[in-house]
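Enquirer: need coordinates for the following:
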Amino acid sequence: MSTSDSITLQSLTLTICRKLAIDFFEIKLIKTSVSFIKVGLLAILLVQAYFFLYKFEFDYLLRYGFSYAASLHTLLCMMTLSLMLKTVKLIDDELVHMEADLILSKNSEKKMKQAALQTLLYLTIHLFVLLFAIALFIIPQQGDENFFYVSHLFAKCFPNQKTIWEILCIPCFAACYLPATVPLYQLIYGFTKMRLATYALKDHIENINSGYEKRQHLNADPTYHKVVRERLVRILKFHSRLFLVGRTIEKRIQAVMFPFKLAGLLVMIGIVLYAFSLDDFWNNTQLKRLFSATFIVFLTLAGLASCGQSVEDLSAEVFDTLVTVPWYQWNESNKKMYLTFLTGTLKPFKLRYSQNISLNYNLALELIRSFFSAISVTLQLQQARGHKLSLY
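Expert: Alright, predicted model coming up:
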């Protein structure tokens, strides 16, 4: 694969991510539409919460808990669009200052090509599954009034206008879920750029002794020590910029993580409760929707975990590269600077969204394992209870 092919593939990946994460939502019409959707979604959630608190019924929670939690999660995604947009633009602005340093070796270009291919494949699968899930939610199903609170409210207020609801309202309601995955695309775009910068940083570290590999008695060569110092200073500045960008992203993610964790937990609980409420789980009309929504949740979680894991892995690779440089040939001043740099990269950078929990594959596996354990227990309880509780 030629260098130009690798750069083209990488540029294509970044262009697609940017279109999905930034450019599309900077169109004035889209901004206005998202604002109206936010207001409408918030109104529906408040009305639903009012009626639920006014007349508490357990079957109400079972029926609409999942759709309520999913709508809440969607609303949170819409409300964080501007914050995440600013975060991605911050990465862009910082990398503009590093543009002269973003020169990759052939090995790094190969790795970036592999990463770009994986990202393109993931985006294709995610978009396909998302559109398929939206199609399932748009197509009317028997028992929609027991799954969507809006359907129940419309049927109650306008019992003879069901056709109008099916034609106009359900597509609009389903379209609300489109922005729910945009923060994921924004993170993928940002971390793809940071991956590029980190590979360039590693190349600079590996080439710190470039031009002096075959020379002898470098310990007594003042020109060599001066060149090494200049390269070290440049690398340290490069690393400091990347580190500050990483910390800024981490702080902004932490600022919105608690409501997202709560909404995500409610979505999972809603799915489990809805499954528990059904007479015939495997033949229920809403089963395809539940499966598609669950798969989208897991696919999104995998994408977020991949972003966090890539940060950890690349920061560890920076340290591994640092320990291979010929520091023993440097003067004391350069050694002290090198030791400071080495100490700062000793612990891999982790994208933490709480004090003790990092966003990585381990977290994703634990969440998926917990969810399937809850579903397994729910189905066993459903069989044991002898269908005592039923919505239909």
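Enquirer: low-confidence stretches in the chain?
Expert: 1-9, 56, 96-104, 162-163, 165-177, 217, 258-259, 275-285, 353-355, 378-392 (pLDDT under 70).
Enquirer: now do the helices in it.
Expert: All helices of the chain, identified by DSSP state H, fall at 3-21, 28-54, 58-79, 81-97, 106-138, 149-157, 162-164, 170-175, 182-206, 222-277, 287-322, 332-344, 361-385.
Enquirer: return the most buried member of the ones you listed.
Expert: Scoring these by mean neighbour count under mean count of other C-beta atoms under 10 Å gives helix 182-206 as the most buried, with a mean of 22. Where you see a C-beta, it was placed from the backbone N, CA and C, and this is true even at glycine.
Enquirer: what packs against it?
Expert: helix 3-21, helix 81-97, helix 106-138, helix 222-277, helix 287-322 (3 or more C-beta pairs under 8 Å, 6 or more residues apart in numbering; DSSP states H and E).
Enquirer: now those helices as TSV including distance to F66?
Expert: Compiled in TSV, these are given as follows (distance: least, C-beta to C-beta, whole Å):
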stretch	distance to F66
helix 3-21	26
helix 81-97	23
helix 106-138	12
helix 222-277	3
helix 287-322	8
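Enquirer: ok, which of the ones you listed comes nearest L53?
Expert: helix 222-277 (15.8 Å; C-beta to C-beta).
Enquirer: and the angle for that closest one with helix 182-206?
Expert: With axes from the mean of the first three to the mean of the last three C-alpha atoms, to 10 degrees applied, the angle from helix 222-277 to helix 182-206 works out at 160 degrees.
Enquirer: going forward, the N-terminal residue is numbered 739.
Expert: Happy to do that; since the first residue is 739 now, the last one works out to helix 960-1015.
Enquirer: tell me how far H890 lies from F796.
Expert: Plainly put, H890 is 16 Å away from F796 if you go by C-beta to C-beta, to the nearest Å.
Enquirer: ok, which of the helices of the chain comes nearest L1089?
Expert: Of all those, it is helix 1025-1060 that lies closest to L1089, at 4.2 Å by C-beta to C-beta.
Enquirer: can you check what angle separates the closest one from helix 1070-1082?
Expert: 160 degrees.
Enquirer: by how many degrees do helix 1025-1060 and helix 796-817 diverge?
Expert: Using the same axes, to 10 degrees: helix 1025-1060 against helix 796-817 is 40 degrees.
Enquirer: just how off-centre is helix 1025-1060 within its chain?
Expert: 7 Å (C-alpha atoms, centre = their mean, to the nearest Å).
Enquirer: so what's L982 closest to, chain neighbours aside?
Expert: Nearest in space to L982, with sequence neighbours left out and distances taken as C-beta to C-beta, 6 or more residues apart in numbering, is E832 at 7.8 Å.
Enquirer: mind listing what the one you found touches?
Expert: R979, L982, V983 (C-beta atoms under 8 Å, 6 or more residues apart in numbering).
Enquirer: quick one on the thing from earlier: would you turn the helices of the chain into CSV with distance to K1088?
Expert: As requested, the helices of the chain are exported to CSV (distance: least, C-beta to C-beta, whole Å):
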stretch, distance to K1088
helix 741-759, 23
helix 766-792, 32
helix 796-817, 23
helix 819-835, 18
helix 844-876, 19
helix 887-895, 39
helix 900-902, 51
helix 908-913, 36
helix 920-944, 13
helix 960-1015, 9
helix 1025-1060, 6
helix 1070-1082, 14
helix 1099-1123, 11
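Enquirer: which stretch among the ones you listed comes nearest K952?
Expert: Using C-beta to C-beta, these put helix 960-1015 closest to K952, at 12.4 Å.
Enquirer: what's the angle between that closest one and helix 819-835?
Expert: 160 degrees.
Enquirer: other SSEs contacting helix 960-1015?
Expert: If contacts are counted by 3+ C-beta pairs under 8 Å, 6+ apart, helix 960-1015 sits against helix 796-817, helix 819-835, helix 920-944, helix 1025-1060, helix 1070-1082, helix 1099-1123.
Enquirer: switch to 6 Å and redo it
Expert: helix 796-817, helix 819-835, helix 920-944, helix 1070-1082, helix 1099-1123 (3 or more C-beta pairs under 6 Å, 6 or more residues apart in numbering; DSSP states H and E).
Enquirer: how about these, which one is nearest T862?
Expert: helix 920-944 (12.5 Å).
Enquirer: who's in contact with that closest one?
Expert: 755-756, 758-759, 815, 818, 822, 826, 829, 833, 839-840, 842-843, 846, 973, 976, 980, 1038, 1041, 1045, 1052, 1056, 1059-1060 (C-beta atoms under 6 Å, 6 or more residues apart in numbering).
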